[in-house]
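Q: Let's see this in three dimensions:
(chains A and B)
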Amino acid sequence: MADAATVDSADADEDIDLSALDDDDLIAQMHDDLYDGLGPEIVEGTELLLGRGWAADKVLNEALVEAMRIVGIDFRDGILFVPEVLLAANAMKAGMEVLRPLLAETGAEPIGKIVIGTVKGDIHDIGKNLVGMMLEGAGFEVVDLGINTDVDEFLGALAEHRPDILGMSALLTTTMPYMKVVVDTLIEQGLRDDYLVIVGGAPLNQEFGEAVGADAYCRDAAVAAETATDLIRARRAAA
Amino acid sequence: MTDTVISSATREVVIGFDRPFVMIGERINPTGRKLLAAEMKEGDFSRVEADALAQVAAGAHMLDVNAGVPLADEPALLASAVKLVQSVTDVPLSIDSSIIEALEAGIDAYVGKPLINSVTGEAEVMERVLPLVARAGAAVVAISNDETGISEDPDVRFEVARRIVSAAADYGIPSHDVVVDPLVMPIGAMPTAGRQVFQLVQRLRSELGVNTTCGASNVSFGLPNRHVVTGTFLAMAIGAGMTSAIMNPLHADVKAAVMAGDVLAGNDTNCAAWIAEHRDRSAMGEDTPANGRAAAGGRRRGGRRARTG
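A: Residues are numbered from 1 along each chain as shown, chains lettered A, B, ... in the order given. Down below sits the predicted model:
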């Protein structure tokens, strides 16, 4: 309805029959469609590839994750903006819903698993939600604990979900020191080395990230997705 | 008619219905400003001083002072910043921290009646901040969220605001000294963020009779050409009855939109402030910001001084 004023006949001329494209062109088109946030087109493309015998994890990585990687780069470089990234993430989600049951069936592993939450005393979640979406876009399984998360909730979720990474967010100078409480508790319980820890939020900086004992501070959602991916690759390469 | 008076040793600013919108300069805040944060931590306040002077020159009626540097002694930093800013300008200040001890140190360092930024609807925060505000005889910014988060329902946020106003009254703080912040979310991530604020401001004004403020820049987070979005948001908020904002008067688009909003809401008598600010530019057919040239006067004839002198 918001587009009512701009409807023109050009749309009809540009209609693309996805099923007529060969695999390479279809993948390229899906990268464009996800970039443009076209959910139904992504679902259609995903189903077409599956119908052509593609494995679910191959569709995920070559069509969806690769497209979201491009979105992340252009977001970082100021070419794409927040509302567009949210649309792209939702298109990704629509494709994921088709793939998820198949991925579970075949036992395909996500690139990694991450537990995220805004720390105790802090109720800001827009930035954390963006991080969650970018991470899902990067192929992570994301467990979001929401806002106002205390150390017991974080530890409980770590024990339950056994993630690779713990991500914490804070938007207040009063609440960000709580990140250290969580990290210190991990150390006390001998669990620190079991997880990678990344932190972020408007008042934080690199120095603060180091001071609380995190593995990385991430300036924004795109950086968080990149950093998480790099950290996991590095850890697996070292193992 | 609700007037919130904020003062320094020598100057008073009134936030009130049907008065010119009060622009509170947002720049003295190390959040997201790496260089400023590093300098403040080292005890270098030269940029704080420059920011204070520049914002006042650009038309800020008040200045917000925040010293939220990670891993620093925030109470000491905030006290120093408050003292320094008061030594270079006489505009009243908003003392901004989420750390109670920092608010306390800022208040102790301040001369006049400050605006304390802020208290929320969280029981524990109210119990600690409101006595401080009462003791200082200050005014306070009340942010309409509580333990459960920031509701997307304006009615819930209204109830939180009502609860803070009533708790403040229990400490002897009159409702005209509570300035409610309806919470501005990024419109790029939440399409209803604008409408929520406009509805809430109308209700806060008509039903609670309180003044309002907000951190305006947040609305345009993540958008291109964002200052125009921020400015238009503020003009619309003024239309809904908002009476002040923490904002950046150095952005010409934002400031012009606020001034135009005041004109259109009937808060700028005879459009005097608008004309004084823009007369020269209009005569020159330019759209560049007035850069130090005497904005009032220009090539206008008249004025009594020439004849009486």
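Q: three-state assignment of the closest residue to chain A within the stretch 101-250 of chain B?
A: The nearest approach of the stretch 101-250 of chain B to chain A comes at residue B:222, 2.9 Å away (Cβ to the nearest Cβ). Bear in mind the C-beta positions are built from the backbone N, C-alpha and C, glycine included. Secondary structure for residue B:222, judged by DSSP: H, G, I helix; E, B strand; the rest coil, is coil.
Q: For the closest residue to it other than its chain neighbours, give me its contacts.
A: Spatial nearest neighbour of residue B:222, excluding adjacent residues (Cβ to Cβ, 6 or more residues apart in numbering or on different chains): residue A:82 at 2.9 Å. Shown in contact with residue A:82 (Cβ atoms under 8 Å, 6 or more residues apart in numbering or on different chains): A:130, B:186, B:188, B:189, B:221, B:222, B:223.
Q: Likewise for residue B:263?
A: B:271, B:274.
Q: Could you check which helix or strand contains it?
A: helix B:252-264 (DSSP states H and E).
Q: Using CSV, list the CA coordinates for that helix.
A: What follows is helix B:252-264, C-alpha atoms only, in CSV (Å, rounded to 0.1, in the frame of the first residue of the first chain):
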residue,chain,number,x,y,z
ALA,B,252,22.0,23.2,10.1
ASP,B,253,19.2,20.9,8.9
VAL,B,254,18.2,20.0,12.4
LYS,B,255,18.3,23.5,13.8
ALA,B,256,16.4,25.0,10.9
ALA,B,257,13.7,22.4,11.3
VAL,B,258,13.3,23.1,15.0
MET,B,259,13.1,26.8,14.4
ALA,B,260,10.5,26.3,11.6
GLY,B,261,8.6,24.0,13.8
ASP,B,262,8.4,26.7,16.5
VAL,B,263,7.2,29.2,13.9
LEU,B,264,4.5,26.8,12.7
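Q: Name the residues of that helix that are buried.
A: Using 16 or more other Cβ atoms under 10 Å in any protein chain shown as the test for burial, helix B:252-264 gives B:254, B:255, B:256, B:257, B:258, B:259, B:260, B:261, B:262, B:263.
Q: do stretch A:176-188 as well
A: A:176, A:177, A:178, A:179, A:180, A:182, A:183, A:186.
Q: Same list, those, but as a markdown table with secondary structure, pLDDT and distance to residue B:102 please.
A: Formatted as a markdown table, the buried residues of stretch A:176-188 follow (DSSP: H, G, I helix; E, B strand; the rest coil; pLDDT from 0 to 100; distance: Cβ to Cβ, whole Å):
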| residue | secondary structure | pLDDT | distance to residue B:102 |
| --- | --- | --- | --- |
| A:176 | coil | 92 | 14 |
| A:177 | coil | 92 | 13 |
| A:178 | helix | 95 | 17 |
| A:179 | helix | 96 | 19 |
| A:180 | helix | 96 | 19 |
| A:182 | helix | 97 | 23 |
| A:183 | helix | 97 | 24 |
| A:186 | helix | 97 | 29 |
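Q: Spit out the contact partners of the residue nearest in space to the middle of chain A.
A: The geometric centre of chain A, computed from its C-alpha atoms, lies nearest to residue A:135 (Cα atoms, centre = their mean), at 1.5 Å. Applying Cβ under 8 Å, 6+ apart to residue A:135 gives the contacts A:114, A:116, A:142, A:167, A:224, A:225, A:228.
Q: pLDDT weak spots in chain B?
A: Residues of chain B meeting the criterion pLDDT under 70: B:281-309.
Q: which residues are there in it that come within reach of chain A?
A: B:31-32, B:34, B:37, B:68-71, B:74, B:97-99, B:145, B:147-150, B:185-186, B:188-190, B:221-224 (Cβ under 8 Å from any Cβ of the partner chain).
Q: just the buried members of the residues you listed?
A: B:31, B:37, B:68-71, B:74, B:97-99, B:145, B:149-150, B:185-186, B:188-190, B:221-223.
Q: Sort out for me which of the residues you listed are in helices.
A: Among these, the members falling in helices are B:37, B:74 (criterion: DSSP state H).
Q: And stretch B:28-42, end to end?
A: The separation between the terminal residues of stretch B:28-42, taken as Cα to Cα, to the nearest Å, is 16 Å.
Q: can you give me the helices for chain B?
A: Going by DSSP H, chain B shows helices at B:34-41, B:46-57, B:74-88, B:100-109, B:123-136, B:154-170, B:193-203, B:226-240, B:252-264, B:272-284, B:305-308.
Q: Could you dump those helices into TSV with distance to residue B:177 added?
A: Formatted as TSV, the helices of chain B follow (distance: least, Cβ to Cβ, whole Å):
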stretch	distance to residue B:177
helix B:34-41	29
helix B:46-57	24
helix B:74-88	19
helix B:100-109	14
helix B:123-136	8
helix B:154-170	8
helix B:193-203	18
helix B:226-240	21
helix B:252-264	23
helix B:272-284	26
helix B:305-308	40
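Q: Quick one: closest of those to residue A:55.
A: Using Cβ to Cβ as the measure, helix B:193-203 is the one of the helices of chain B that comes nearest residue A:55, at 41.4 Å.
Q: helices or strands up against that closest one?
A: Helices and strands touching helix B:193-203, by 3 or more Cβ pairs under 8 Å, 6 or more residues apart in numbering or on different chains; DSSP states H and E, are helix B:154-170, helix B:226-240.
Q: tell me the angle it makes with helix B:154-170.
A: Compare the direction of helix B:193-203 with that of helix B:154-170 by axes from the mean of the first three to the mean of the last three Cα atoms, to 10 degrees and you get 40 degrees.
Q: does the residue nearest to the centre of chain A count as helix, strand or coil?
A: helix.
Q: Look up the pLDDT of it for me, please.
A: At residue A:135, the model reports a pLDDT of 92.
Q: Let me know the distance separating it from residue A:106.
A: 22 Å (Cβ to Cβ, to the nearest Å).
Q: Likewise for residue B:131?
A: Taking Cβ to Cβ, one finds residue B:131 at 61 Å from residue A:106.
Q: Same question for residue A:47.
A: Residue A:47 is 17 Å from residue A:106, by Cβ to Cβ.
Q: Show me which of those two is the more surrounded one.
A: residue A:47 (16 against 11; other Cβ atoms under 10 Å in any protein chain shown).
Q: Look at the nearest residue to that one once chain neighbours are set aside and report its pLDDT.
A: Closest residue to residue A:47 apart from its sequence neighbours, by Cβ to Cβ, 6+ apart: residue A:98 at 6.2 Å. pLDDT for residue A:98: 95.
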